[in-house]
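**Student:** Please work out how this folds:
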Amino acid sequence: MKSLKFTLISCLLICFASCNSDDTSNEKAVFAIPVVKSLTAIRNSVTVSAARQTNSDGKIYVTEDYLFYIAKEEGVHIFDNQNPASPQNIAFINLEGVHDIAVKGNYLYADNFVDLLVFDISNIQNITLVQTVQNTLSFYALFPDTAEFYDYTITPNSNEIVVGYQLETRNRPYGQDLILAGDAMGGLESSNGNTVGTGGSYARFQINNNALYAIDSFQLNVFNISTPANTFFDKAVYMTDWFGGGQFETLFQQKEYLFVGSTNGMQIVNAFDEFNPYFVSGFSHATACDPVVVFGNTAYITVRGGSTCGAIADQVNVIDITDISNPTLISTYLLNQPYGLGINNNILYVCCGSEGLKVFDASNSSGLTLQNSYADNVTDVIPLESHLIAVGANTIIQYSYGTNFSLQQLSVVNF
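**Tutor:** Next up, the predicted model:
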């Protein structure tokens with residue numbers, strides 16, 4: 001299915017190229033060259049090893065004893081985090097196509113490009129792969145913004161996928177005026193030992209009882225994890241007609257509801273029946289990049305414009321979800337370059353990259369009040385009851401809570 005879509009895109013690019021006969025052979029242009037890999041090779045490359053360094057941006061995920069750093073398209077670093085002041089890097093799962101994970105009890109679930117993998121982590125020194133659910137997820141490599149042309153002569157076969165692009169300067173081709181834009185391609189709960197971990201606001205996986213949810217661009221994939229070693233794909237819930245057709249980016253869960261952050265707003269999904277989730281309502285805004293978190297009857301959305309995210313002004317939206325069928329805007333706080341966020345005990349933490357980590361008093365939903373700012377360059381955060389964990393490029397920072405909305409660094413891990 002992925003190869004077919006890729007081939008169709010290639011054909012469209014050929015069809016829409018104009019037939020200008022001007023000789024431009026001496027001019028140069030930037031081409032995007034697809035990097036194609038076989039699914040067999042990708043699956044055979046999955047290994048578990050001792051701790052290692054990384055050079056990849058990532059996400060964080062936490063359970064009661066462990067902290068996971070998900071290095072995008074590289075692997076999962078596992079830390080013993082029983083002492084947040086001194087986390088110990090203890091193991092690494094080599095996963096070439098990983099973007100997110102979820103953990104329940106002794107099992108870790110991870111994507112590997114188009115597959116869902118299940119690992120037994122009951123013995124952290126002997127992690128084993130127990131199930132691969134093949135070809136159940138979608139993956140589309142991010143098309144580079146700076147590419148002018150696309151090399152459509154390279155196409156994957158039925159056992160291959162495009163995992164990325166290389167840029168190459170070539171002679172501008174005859175008779176093609178088409179220039180491709182970057183968007184052309186398009187808290188911890190325990191029960192009977194089944195601890196479910198917590199991800200940041202950029203999470204795309206969530207676990208609800210015996211269901212694992214994984215969002216694709218326009219659908220919610222539902223997996224049955226009742227028997228982890230026999231995990232299977234249950235269904236895809238298509239959401240393109242639910243609310244505005246925006247592309248789905250993040251997934252947050254509170255009780256029986258899922259909150260989907262998309263490029264045009266927030267969607268609310270009832271997942272009381274874990275295997276039959278359905279759309280309830282939504283809140284829309286102009287196209288932008290926006291994760292969402294929820295605390296009680298209030299949702300918080302960071303809306304970031306610029307680049308490929310959209311032209312909207314950077315801001316934090318505060319949404320009243322008391323009436324779950326009719327979410328309404330309470331207030332808006334303008335803030336430069338907001339990325340991930342987290343909320344705990346009426347304190348809102350917003351990561352603003354190079355602009356630092358902002359701490360807000362959120363006790364008054366109609367008016368967030370900035371209380372503290374820290375210079376740390378971070379993009380997502382998990383506020384636990386015990387302490388706060390933030391992540392930046394190849395960096396994990398853990399903080400203790402102080403008085404008057406203050407934070408104190410406990411530890412810094414630099415890869």
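**Student:** wait, doesn't residue 204 sit right on residue 219?
**Tutor:** No. The criterion here is Cβ atoms under 8 Å, and residue 204 misses it with residue 219 at 11.9 Å. Using the backbone N, CA and C atoms, a C-beta is placed for each residue, glycine as well.
**Student:** Comparing those two, which residue is more hemmed in?
**Tutor:** More neighbours surround residue 204 than the other of residue 204 and residue 219, with 23 against 16 (other Cβ atoms under 10 Å).
**Student:** how close does the more buried one sit to residue 36?
**Tutor:** 24 Å (Cβ to Cβ, to the nearest Å).
**Student:** and if you look at residue 254?
**Tutor:** Applying Cβ to Cβ to residue 254 and residue 36 gives a distance of 41 Å.
**Student:** what bits of the stretch 251-400 of the chain have low per-residue confidence?
**Tutor:** Where the stretch 251-400 of the chain drops to pLDDT under 70, the residues are 285-289, 306-311.
**Student:** at 90 instead, please
**Tutor:** 261-267, 281-291, 303-314, 365-366, 393-394 (pLDDT under 90).
**Student:** In it, mark out all the strands, start to finish.
**Tutor:** Per DSSP state E, counting those that start in this stretch, the stretch 251-400 of the chain carries strands over the ranges 257-262, 265-270, 278-284, 292-295, 298-303, 315-320, 328-334, 341-344, 347-351, 357-361, 369-374, 380-383, 388-392, 395-401.
**Student:** Tabulate those strands in TSV, adding columns for distance to residue 195 and mean neighbour count.
**Tutor:** Converted to TSV, these look like this (distance: least, Cβ to Cβ, whole Å; neighbours: other Cβ atoms under 10 Å):
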stretch	distance to residue 195	mean neighbour count
strand 257-262	20	24
strand 265-270	24	23
strand 278-284	28	17
strand 292-295	20	23
strand 298-303	25	24
strand 315-320	30	20
strand 328-334	34	14
strand 341-344	19	22
strand 347-351	23	26
strand 357-361	27	21
strand 369-374	30	15
strand 380-383	15	25
strand 388-392	17	25
strand 395-401	19	20
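**Student:** Just send those strands back as a markdown table, with distance to residue 125 too.
**Tutor:** Output for these, formatted as a markdown table (distance: least, Cβ to Cβ, whole Å):
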| stretch | distance to residue 125 |
| --- | --- |
| strand 257-262 | 35 |
| strand 265-270 | 38 |
| strand 278-284 | 42 |
| strand 292-295 | 34 |
| strand 298-303 | 38 |
| strand 315-320 | 42 |
| strand 328-334 | 46 |
| strand 341-344 | 31 |
| strand 347-351 | 33 |
| strand 357-361 | 34 |
| strand 369-374 | 36 |
| strand 380-383 | 25 |
| strand 388-392 | 24 |
| strand 395-401 | 22 |
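**Student:** quick one: which of those is nearest residue 162?
**Tutor:** strand 257-262 (24.0 Å; Cβ to Cβ).
**Student:** could you give the angle of the closest one to strand 315-320?
**Tutor:** 150 degrees (axes from the mean of the first three to the mean of the last three Cα atoms, to 10 degrees).
**Student:** any idea how far residue 93 lies from residue 51?
**Tutor:** Taken as Cβ to Cβ, the span from residue 93 to residue 51 is 11 Å.
**Student:** same check, this time on residue 270
**Tutor:** For residue 270 relative to residue 51 (Cβ to Cβ), the value is 41 Å.
**Student:** what are the ranges of the helices in the stretch 1-150 of the chain?
**Tutor:** In order along the chain, the stretch 1-150 of the chain carries the following helices (DSSP state H, counting those that start in this stretch): 2-16, 39-44.
**Student:** Kindly export the shortest one (C-alpha atoms) in PDB.
**Tutor:** The C-alpha atoms that make up helix 39-44 are tabulated as PDB, following Å, rounded to 0.1, in the frame of the first residue of the first chain:
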ATOM      1  CA  LEU A  39      11.700  -4.500   4.800                       C
ATOM      2  CA  THR A  40      13.600  -7.800   5.300                       C
ATOM      3  CA  ALA A  41      16.800  -5.900   6.000                       C
ATOM      4  CA  ILE A  42      15.000  -3.500   8.400                       C
ATOM      5  CA  ARG A  43      13.400  -6.300  10.300                       C
ATOM      6  CA  ASN A  44      16.700  -8.300  10.500                       C
END
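**Student:** Report the buried residues of that helix.
**Tutor:** 39, 42, 43 (16 or more other Cβ atoms under 10 Å).
**Student:** what's it packed up against?
**Tutor:** strand 160-171 (3 or more Cβ pairs under 8 Å, 6 or more residues apart in numbering; DSSP states H and E).
**Student:** circling back to that earlier point, list the residues that contact both of residue 93 and residue 51?
**Tutor:** Common contact partners of residue 93 and residue 51 (Cβ atoms under 8 Å, 6 or more residues apart in numbering): residue 78.
**Student:** neighbour count winner among those two?
**Tutor:** Neighbours around residue 93 and residue 51, counted as other Cβ under 10 Å, are more numerous at residue 93. The numbers are 25 against 12.
**Student:** Residue 312 versus the residue nearest to that one when sequence neighbours are not counted, what's the distance?
**Tutor:** Distances taken as Cβ to Cβ, 6 or more residues apart in numbering put residue 76 closest to residue 93, at 4.3 Å, once the chain neighbours are dropped. Note on residue 76: its distance to residue 312, by Cβ to Cβ, is 33 Å.
**Student:** next one: residue 364
**Tutor:** Residue 364 is 24 Å from residue 312, by Cβ to Cβ.
**Student:** Then residue 171?
**Tutor:** With Cβ to Cβ as the criterion, residue 171 and residue 312 are 39 Å apart.
**Student:** Look at these two and report which has more neighbours.
**Tutor:** residue 312 (16 against 12).
**Student:** Next, work out how far apart that one and residue 112 are.
**Tutor:** From residue 312 to residue 112 the distance is 34 Å (Cβ to Cβ).
**Student:** cool, residue 301 as well?
**Tutor:** Counting by Cβ to Cβ, the gap from residue 301 to residue 112 is 30 Å.
**Student:** residues near the residue lying closest to residue 91 once chain neighbours are set aside, how many?
**Tutor:** Excluding the flanking residues, the one nearest residue 91 by Cβ to Cβ, 6+ apart is residue 78, at 4.3 Å. Neighbour count for residue 78, taken as other Cβ under 10 Å: 22.
**Student:** what's the answer for the one 4 residues further on, then?
**Tutor:** The number of residues packed around residue 82, counting by other Cβ under 10 Å, is 12.
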